[in-house]
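Enquirer: sequence first, predicted model second:
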2 protein chains.
Amino acid sequence: MSVYPADRVTLREVGLRDGLQLAKALPSTEAKRAWLAAEAKAGVRHFEVGSFLPAARFPQFADVDEMIAAAEALDVHSAALTLNERGAEAAIRTDVREMVCVVSATEEHSQANARRSRDEAVALVGRVVAMRDAEAPGKLVNAGLAMALGCSLAGAVDPDEVLRLAGACLEAGADIVGIADTVGFAGPRAVGRLCAGMTRLCGDRPYIIHLHDTRGMGVANAAAALDNGARVIDASLGGLGGCPFAPGATGNVVFEDIVFLAESMGFATGIDLEALREARAIAEGAMPGEVFHGAMHRAGPPPNMPWRAN
Amino acid sequence: MSVYPADRVTLREVGLRDGLQLAKALPSTEAKRAWLAAEAKAGVRHFEVGSFLPAARFPQFADVDEMIAAAEALDVHSAALTLNERGAEAAIRTDVREMVCVVSATEEHSQANARRSRDEAVALVGRVVAMRDAEAPGKLVNAGLAMALGCSLAGAVDPDEVLRLAGACLEAGADIVGIADTVGFAGPRAVGRLCAGMTRLCGDRPYIIHLHDTRGMGVANAAAALDNGARVIDASLGGLGGCPFAPGATGNVVFEDIVFLAESMGFATGIDLEALREARAIAEGAMPGEVFHGAMHRAGPPPNMPWRAN
């Protein structure tokens, strides 16, 4: 899939979606547009820009249409969450390039979070695919498996069950599936094992690994994912996006640090670390009181050696 | 070597040495003793407790004799830096169990930091070994290779050169060698490759990997080290120990997070994470203004799943 080429590493910026989910101070649409533009200028090409959810309850995503238009104007790939058919209908009326459905990896979380069974969630993916086929054939459908590496309700998650669900989503017509360590429970062995299974399952198709740094394993888990064939990694600028189950915890894995990781492992990202500083300054300025994480931002790359291995 | 068994993972607490090197507020000897005792109670068995350096210039290590006595009273393994023969003489008069010599991996750093060539540094290891053999045969001699994964002066470091120096230190009689990413330049590929070489070189003998989290790669690098046969990892409580070349940067890799990493990978550490909190509270109380890092301290282990894989 040329959007997510199999022969290189793609970093997906999810800060404008996952990073705003728990934010205390919401950035203005203007600031979000400037953030998006600055990151696009630094070479980032894939963005989750929001979620199709009721604006009254989720004011941080009320401007999702404008953010999609902004991404389109910059000619970068935009994705947005479509958690039900109403969301998918709304997405289809926009230029969004990717509609993201979510399937919980455990029955407990599926029922508690979405009030539907996992099978119903997979069936919903199929219906979104059908809507897409009928009305917007150019868009991708992404099915993300939440709690795929540990569940805040069910605890340990059987990797075979995750692979079964991923396969079911692909059979339902999803173009790409993702596996998420939503609450940051996993270490690199578990991530590596699941990614090895996903690589076998997906073959030439890309899949996404979505990691949270809740327990400090984020970068190690991303390295294990890359070692085992994952080629699309979600991350957020400054690690924005806390965890509702772990107060004070880091959010998504830090975008800047993942750029360094990937490059040090020989995967060209096409991203200019220095230029990311401007995007970060914009985001920080627009979200006072929010903690921005990341070691690369503080230390910068090694000053006197080639760190991009490729 | 039973001090560092080959069939399990040993975590070495270096906070009382490396962690104090750049500290702004120095903890009292009383506080350091309480910190040591609390960490020993949590199951930590290996400590760098100081350095034999002129007390006038390094007041943080003026109490190294008392710290060694405190470790001995707790029956835990103590190590201290002996950077020259005067240091080794002083160490031999104490009950310290391990004398740590340092050899720079690059000629540039060796000259700038120690005003001696690398060959002279290896020869010094041999002389410390001879002193040990004559006067204190029970003690271990450890030769640590600084800047082994990137050098603040020379930039990239040839891994074959590091392996040559490590071999020379073993030939000079060192019981154990260490490789240090002193300024946190490396990613997991480089660490994994060097550790694979060290595992081949050292055979049944243990070696130490010493990592700094300067660029956020610390945990990923530790995972790569474990994957490639390293079994002794240096870390410091709360990641104490900044980097003089990277202001604001994290110091050593965070002890608590490495416990989680190792256990999640199936390596029993024998360390009680909950009990480490008391040690951290003591250290934090004794070092006001110092930043303590670490995700496990904030988030705690996954609440409802077995995270110790073994």
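Expert: Received, thanks.
Enquirer: where does chain A have low pLDDT?
Expert: Applying pLDDT under 70 to the predicted model, the residue ranges of chain A that meet it are A:1, A:243-249, A:310.
Enquirer: what's in contact with the longest helix along it?
Expert: In chain A, assigned by DSSP state H, the helix with the most residues is helix A:118-135. With contact meaning C-beta atoms under 8 Å, 6 or more residues apart in numbering or on different chains, helix A:118-135 is reached by A:82, A:84-85, A:88-89, A:92, A:99, A:101-107, A:110, A:114, A:116, A:139, A:141, A:143, A:165, A:168-169, A:172-174. The C-beta positions use only the backbone N, C-alpha and C, and glycine is treated the same way.
Enquirer: and those, which are buried?
Expert: In terms of neighbour count (16 or more other C-beta atoms under 10 Å in any protein chain shown), the buried residues within the contacts of helix A:118-135 are A:82, A:88, A:92, A:99, A:101-106, A:110, A:114, A:116, A:139, A:141, A:143, A:165, A:168-169, A:172-174.
Enquirer: which strands and helices lie in contact with the strand or helix carrying A:Asn113?
Expert: The secondary structure element spanning A:Asn113 is helix A:107-114 (assigned by DSSP states H and E). Packed against helix A:107-114 by the contact rule (3 or more C-beta pairs under 8 Å, 6 or more residues apart in numbering or on different chains; DSSP states H and E) you find strand A:98-104, helix A:118-135.
Enquirer: next SSE downstream of the last one?
Expert: Next helix or strand after helix A:118-135 toward the C-terminus (DSSP H and E): strand A:140-146.
Enquirer: which residue, other than its chain neighbours, is closest to A:Arg86?
Expert: Once flanking residues are discounted, A:Arg86 sits nearest to A:Phe52: 7.5 Å by C-beta to C-beta, 6 or more residues apart in numbering or on different chains.
Enquirer: which residues sit in contact with the one you found?
Expert: Going by C-beta under 8 Å, 6+ apart, A:Phe52 touches A:Phe61, A:Val64, A:Ala80, A:Leu81, A:Thr82, A:Leu83, A:Arg86, A:Gly87, A:Ala88, A:Ala90, A:Ala91.
Enquirer: any idea how far A:Thr82 is from it?
Expert: Distance of A:Phe52 to A:Thr82, computed by C-beta to C-beta, to the nearest Å: 5 Å.
Enquirer: got a list of what A:Gly241 touches?
Expert: Remark: with contacts taken as C-beta under 8 Å, 6+ apart, A:Gly241 is in contact with A:Val14, A:Gly15, A:Asp18, A:Gly19, A:Leu20, A:Gln21, A:Leu22, A:His212, A:Gly251, A:Asn252.
Enquirer: go again using 6 Å as the cut-off
Expert: A:Asp18, A:Gly19, A:Gly251, A:Asn252 (C-beta atoms under 6 Å, 6 or more residues apart in numbering or on different chains).
Enquirer: how many other residues sit next to the first one?
Expert: Residue crowding around A:Asp18 was assessed by other C-beta atoms under 10 Å in any protein chain shown; the count is 24.
Enquirer: any idea how far it is from A:Leu240?
Expert: For A:Asp18, the distance to A:Leu240 (C-beta to C-beta) stands at 8 Å.
Enquirer: the third one now?
Expert: Here the criterion is C-beta to C-beta. By it, A:Gly251 lies 5 Å from A:Leu240.
Enquirer: likewise for the second one?
Expert: Separation of A:Gly19 from A:Leu240 (C-beta to C-beta) stands at 3 Å.
Enquirer: the residue nearest the centre of chain A: what's it in contact with?
Expert: Nearest to the mean C-alpha position of chain A, counting by C-alpha atoms, centre = their mean, stands A:Asp234 at 3.9 Å. If a contact means C-beta under 6 Å, 6+ apart, then A:Asp234 has A:Arg12, A:Val14, A:His210 as its contacts.
Enquirer: who wins for neighbours among these?
Expert: Across these, the neighbour count under other C-beta under 10 Å reaches its highest value at A:Val14, namely 29 neighbours.
Enquirer: surely that one and A:His46 touch.
Expert: No - with contacts counted by C-beta atoms under 6 Å, A:Val14 stays clear of A:His46, the gap being 9.2 Å.
Enquirer: follow-up on the earlier one: can you give me phi and psi for the residue nearest to the centre of chain A?
Expert: When quoted as degrees, to the nearest 10, the phi and psi of A:Asp234 stand at phi -80, psi 140.
Enquirer: find the nearest non-adjacent residue to it, please.
Expert: Nearest residue to A:Asp234 in three dimensions, chain neighbours excluded: A:His210, at 4.1 Å (C-beta to C-beta, 6+ apart).
Enquirer: what's opposite the one you found in the beta bridge?
Expert: Partner residues in beta bridges with A:His210: A:Ala180, A:Asp234, with DSSP bridges as the criterion.
Enquirer: what's near enough to touch it?
Expert: When contacts are counted by C-beta under 6 Å, 6+ apart, A:His210 is found next to A:Gly178, A:Ala180, A:Asp234.
Enquirer: can you put the contacts of A:Gly241 in TSV and add secondary structure?
Expert: As requested, the contacts of A:Gly241 are arranged in TSV below (DSSP: H, G, I helix; E, B strand; the rest coil):
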residue	secondary structure
A:Asp18	helix
A:Gly19	helix
A:Gly251	coil
A:Asn252	strand
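Enquirer: return the member of these nearest to chain B.
Expert: A:Gly251 (11.2 Å; C-beta to the nearest C-beta).
Enquirer: ok, A:Ala174 touching A:Ala143?
Expert: Yes - here A:Ala174 lies in contact with A:Ala143, judged by C-beta under 6 Å, at a distance of 4.0 Å.
Enquirer: now the helices for the stretch 151-300 of chain A?
Expert: When assigned using DSSP state H, counting those that start in this stretch, the helices of the stretch 151-300 of chain A occupy the ranges A:159-171, A:188-202, A:218-227, A:255-264, A:273-286, A:295-299.
Enquirer: just put the ones you listed in JSON lines and tack on distance to chain B.
Expert: Rendered in JSON lines, the data for the helices of the stretch 151-300 of chain A read as follows (distance: least, C-beta to the nearest C-beta, whole Å):
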{"stretch": "helix A:159-171", "distance to chain B": "13"}
{"stretch": "helix A:188-202", "distance to chain B": "5"}
{"stretch": "helix A:218-227", "distance to chain B": "4"}
{"stretch": "helix A:255-264", "distance to chain B": "3"}
{"stretch": "helix A:273-286", "distance to chain B": "11"}
{"stretch": "helix A:295-299", "distance to chain B": "3"}
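Enquirer: switch those over to a markdown table; also include distance to B:Ala224.
Expert: Converted to a markdown table, the helices of the stretch 151-300 of chain A look like this (distance: least, C-beta to C-beta, whole Å):
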| stretch | distance to B:Ala224 |
| --- | --- |
| helix A:159-171 | 22 |
| helix A:188-202 | 9 |
| helix A:218-227 | 7 |
| helix A:255-264 | 11 |
| helix A:273-286 | 22 |
| helix A:295-299 | 17 |
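Enquirer: wait, which of these is closest to B:Leu149?
Expert: Minimum separation from B:Leu149 across these (C-beta to C-beta) falls at helix A:255-264, 10.8 Å.
Enquirer: starting at the chain centroid, how far to that closest one?
Expert: When C-alpha coordinates are averaged (C-alpha atoms, centre = their mean, to the nearest Å), helix A:255-264 and its chain have centres 16 Å apart.
Enquirer: same check on stretch A:232-241?
Expert: Centre-to-centre, stretch A:232-241 and its host chain are 7 Å apart (C-alpha atoms, centre = their mean).
Enquirer: over to stretch A:51-71?
Expert: Its chain's C-alpha centre and that of stretch A:51-71 lie 17 Å apart, by C-alpha atoms, centre = their mean.
Enquirer: and what of stretch A:98-108?
Expert: Taking C-alpha atoms, centre = their mean, one finds stretch A:98-108 lying 13 Å from the centre of the chain it belongs to.
Enquirer: contacting residues around stretch A:152-165?
Expert: Identification of contacts with stretch A:152-165 by C-beta under 6 Å, 6+ apart yields A:105-106, A:108-109, A:145, A:148, A:150-151, A:183, A:194, A:197, A:201, A:245, B:304-305.
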